[in-house]
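Trainee: Here is my input, please return the structure:
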Amino acid sequence: MLREMVIDGCDIPEDGTGVDPADGALVRVAEGDQRAFASLYDMLSARAFGLIKRVLVDHAQSEEVLQEVFLEVWQRATSYSPERGSARTWVLTMAHRRSVDRVRAAQASAGRDMRAGLRELYAAPVPVEEHVELLVDGTEAAEALQLLPEVQREPLMLAYFGGYTQQEIAVLLGAPLGTIKTRMRDGLSRLRVTMEGAS
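Mentor: Residues are numbered from 1 along each chain as shown. A predicted model of the protein is given here:
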């Protein structure tokens, strides 16, 4: 019969032997046992999600990080050593580290956006002849855009006319971020070839 003990704020299921079943499950995960992985996920995902959400606050991002953590658990299970600590601590440390990394990445991105915005704000105004040239190029680009396949045209239009980020476009279109990046890159490449051929 499993019972819960709370030691230093960490729930440790105990089966009377003093052994945390998560430790055994993680050892079996390292051997490629998928059922042990499902069992480990059931044991630790709620706790890991709570920790992640306390750091990130955002529910959707917390779910993403939780998936990343358990993917890393599956991939790196062989590096777990029971002598150096419990499986529970190993997984929760990984969850905390990934959460902090996500926050740092978001802060760095916001800083880059702020610096880019300030550069644009203080940039010299575009001369009239350049502005007219950009308008002509914009018209040609809009026409060339219509020649692209829908899967490439749609994310490009959302980005350049809607002002959406690639992450937002991925959510809007219900596609993985990597897929959206590939479609946009391929679309821009085709757009460049089309416009160079027209000039």
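
Trainee: And this structure, what are its domain boundaries?
Mentor: Following automatic domain parsing, one gets these domains for the chain: 3-108, 126-198.

Trainee: looking at the ones you listed, which is closest to Arg115?
Mentor: domain 3-108 (10.7 Å; C-beta to C-beta). (Glycine included, C-beta is placed from N, CA and C.)

Trainee: Can you give me the distance of the residue most central in space within the chain to Gly163?
Mentor: The centre of the chain sits closest to Glu64, judged by C-alpha atoms, centre = their mean, with a distance of 6.1 Å. Distance, Glu64 to Gly163, by C-beta to C-beta, to the nearest Å: 23 Å.

Trainee: One more: Val193?
Mentor: To Gly163, Val193 is 25 Å away according to C-beta to C-beta.

Trainee: next one: Arg115
Mentor: From Arg115 to Gly163 the distance is 18 Å (C-beta to C-beta).

Trainee: Spatially, and excluding backbone neighbours, which residue is closest to Ala30.
Mentor: Take Ala30 and drop its neighbours on the chain: the residue closest to it by C-beta to C-beta, 6 or more residues apart in numbering is Ala77, 3.9 Å away.

Trainee: For that neighbour, give me its contacts.
Mentor: By C-beta atoms under 8 Å, 6 or more residues apart in numbering, the contact set of Ala77 is Leu26, Val29, Ala30.

Trainee: mind listing which of those residues are in helices?
Mentor: Leu26, Val29, Ala30 (DSSP state H).

Trainee: now, which of those sits nearest Arg84?
Mentor: Proximity of those to Arg84 (C-beta to C-beta) peaks at Leu26, which lies at 12.2 Å.

Trainee: returning to that earlier point: turn the ones in helices among the contacts of Ala77 into TSV, columns for neighbour count and pLDDT.
Mentor: Formatted as TSV, the ones in helices among the contacts of Ala77 follow (neighbours: other C-beta atoms under 10 Å; pLDDT from 0 to 100):
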residue	neighbour count	pLDDT
Leu26	26	93
Val29	25	94
Ala30	18	93
